[in-house]
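Participant: what's the 3D shape of this:
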Amino acid sequence: MKTLQDYIDKLNSLNFKEMYNNDFFWTWDKTDDELEAVFTVADALRFMREHNISTKVFESGLGISIFRDNSTRTRFSFASACNLLGLEVQDLDEKKSQIAHGETVRETANMVSFMADVIGIRDDMYIGKGHAYQKEFMDSVTEGNQDGILEQRPTLVNLQCDVDHPTQCMADMLHIIHEFGGVENLKGKKIAMSWAYSPSYGKPLSVPQGVIGLMTRFGMDVVLAHPDGYDVMPEVEEIARKNAQASGGSFTKTNSMEEAFKDADIVYPKSWAPFAAMEKRTNLYGEGDFDGIDKLEKELLAQNAEHKDWACTEELMKTTRNGKALYLHCLPADITGVSCETGEVDASVFDRYRIPLYKEASFKPYVIAAMIMLSKFENPQDILKKLEVKAAPRIMA
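Facilitator: Down below sits the predicted model:
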């Protein structure tokens, strides 16, 4: 059984100095040591909570959340992470702000960042917009700090953009690490990141892109499967190829869900919209062409309906490694016969994996808290040690 000192020792062996006072935009911006530091701090914080050791590293300060798309798990995970560390949470509801009256991003960023330690932003709706908004927001607070408006520069946690969903994919990865008994056991494991049918349209590409951009870092055999025409961003595919080459794994593509699932150790069936269609959708919104948007939606729903056979069924799961592949999903899943008539996954498959799925989601608050802690404390291992020493008399009693 691990002790808190084990996590501290691990952190002492890693180089993550560049994370201090820096933002977390994409996983592929981070080194292997930095990713491992996130996993290690996340596990340490979970260990501390399980053993009733205080994790309050802030005496005051705010975590600002900005959700430009709907959210359940990530919204509550961000709030939980801030609370775990001692930060209060303030959510920016843009409908209640002065943005409608012409307030600029620069002004909003500075006005909400007084006494803020971290900014969490979700902006995943439009290709070419989400990451750009996050960058503009953080450039504005950097300027505010340099101009003496903000006494410190808050750091960013990307809670999902149009390119990557790092908190989700890091939580997925930490779940995989625990399920397979350590990072060292992942080399050669096959993971199928597969498109699956959904009766809705316009789902972001950031989850499949985040998965192929991260899982290829660990020597795994990553397969991206989707019907013809449901491509993701080519630049992210290139990142996945380079990662696989560097890690000794592989990255392949197929238009067959069956091929992807065959002998897979892990499967991740999830719907997303075609990259080209999402680009078109962004342009239509920019032009204010709402008739064109309605037409595109009907076209995409009809296109989706041609691929209802792309579903995670009991029969397909039997073709995975020993018929027992680990099933992943970012939730909520489109469950056939439960949340929709026909969807991404059979109800019996989902129900069998429900507990592991909820455990998968439970890693996200700790991952977010770890990202915050690594960006705000230069030597988090020293902070963890002080918290352990402080708690020791109370625990012994």
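
Participant: just for the stretch 251-397 of the chain, where's the confidence low?
Facilitator: Of all residues in the stretch 251-397 of the chain, those with pLDDT under 70 make up the ranges 392-397.

Participant: Assess the claim that residue 99 and residue 108 are in contact.
Facilitator: Yes. At 6.3 Å, residue 99 counts as touching residue 108 under the criterion of CB atoms under 8 Å. For the C-beta atoms, the positions are set from N, CA and C on the backbone; glycine is no exception.

Participant: When these two are compared, which one has more neighbours?
Facilitator: Per other CB atoms under 10 Å, whichever of residue 99 and residue 108 has more neighbours is residue 108, with 18 against 14.

Participant: Next, the contact list for the more buried one, please.
Facilitator: Contacts for residue 108 (CB atoms under 8 Å, 6 or more residues apart in numbering) come out as 92, 97, 98, 99, 137.

Participant: Swap in 7 Å and give it another go.
Facilitator: Neighbour list for residue 108: 97, 99 [criterion: CB atoms under 7 Å, 6 or more residues apart in numbering].

Participant: Could you do residue 199 as well?
Facilitator: 334, 340, 342, 343.

Participant: let's see 10 Å
Facilitator: 271, 301, 304, 305, 308, 334, 339, 340, 341, 342, 343, 344 (CB atoms under 10 Å, 6 or more residues apart in numbering).

Participant: which residues are in contact with both of residue 99 and residue 108?
Facilitator: Common neighbours of residue 99 and residue 108 (CB under 10 Å, 6+ apart) are residue 92.

Participant: okay but residue 67 is in contact with residue 122, surely?
Facilitator: Yes. At 4.8 Å, residue 67 counts as touching residue 122 under the criterion of CB atoms under 10 Å.

Participant: Give me the next element, helix or strand, following the helix or strand where residue 36 lies.
Facilitator: Per DSSP states H and E: residue 36 is located in helix 32-50. Taking DSSP H and E as the definition, the helix or strand that follows helix 32-50 towards the C-terminus is strand 62-67.

Participant: Give me the distance from that next one to the chain's centre.
Facilitator: The chain centre lies 16 Å from the centre of strand 62-67; the measure is CA atoms, centre = their mean, to the nearest Å.

Participant: same deal with stretch 325-335?
Facilitator: With CA atoms, centre = their mean, you get 14 Å for stretch 325-335.

Participant: distance between the ends of it?
Facilitator: 18 Å (CA to CA, to the nearest Å).

Participant: Quick check: buried residues in the helix or strand harbouring residue 81?
Facilitator: Assigned by DSSP H and E, residue 81 falls within helix 73-85. Buried residues in helix 73-85, counted by 16 or more other CB atoms under 10 Å: 73, 74, 75, 77, 78, 79, 80, 81, 82, 83, 84, 85.

Participant: Tell me who's in contact with the nearest residue to the second one once chain neighbours are set aside.
Facilitator: Okay, so that is residue 74. The spatial neighbour of residue 74 that comes closest, neighbours along the chain excluded (CB to CB, 6 or more residues apart in numbering), is residue 159 at 5.2 Å. Residues near residue 159 by CB under 10 Å, 6+ apart: 24, 65-69, 71, 74-75, 77-78, 119-124, 134, 165-168, 364, 368.

Participant: one more time with 7 Å
Facilitator: Counting by CB under 7 Å, 6+ apart, residue 159 has contacts 74, 78, 120, 121, 122, 167.

Participant: you'd agree the fifth one is in a strand?
Facilitator: Same thing as residue 122. Yes. Using DSSP: H, G, I helix; E, B strand; the rest coil, the assignment for residue 122 is a strand.

Participant: quick one, what contacts it?
Facilitator: 67, 68, 69, 71, 74, 159, 160.

Participant: Name the residues linked to it by a beta bridge.
Facilitator: residue 67, residue 160 (DSSP bridges).

Participant: before we move on, the earlier item: contacts for the helix holding residue 36 next, please.
Facilitator: Contacts for helix 32-50 (CB under 7 Å, 6+ apart): 2, 4, 7, 10-11, 14-16, 19, 27, 55, 84, 170, 174, 177, 217, 363, 366-367, 369-371, 373-374, 380, 384, 387.

Participant: Using neighbour counts, give me the buried entries of the residues you listed.
Facilitator: Here, 16+ other CB under 10 Å leaves 4, 7, 10-11, 14, 16, 19, 27, 55, 84, 170, 174, 177, 217, 363, 366-367, 369-371, 373-374, 380, 384, 387 buried among the contacts of helix 32-50.

Participant: Quick check: residue 361 touching residue 330?
Facilitator: No. Applying CB atoms under 7 Å, one finds residue 361 not in contact with residue 330, separated by 8.2 Å.

Participant: Those two: who's more crowded?
Facilitator: Between residue 361 and residue 330, counted using other CB under 10 Å, the more crowded position is residue 330 (24 against 21).

Participant: Alright, I will stop here.
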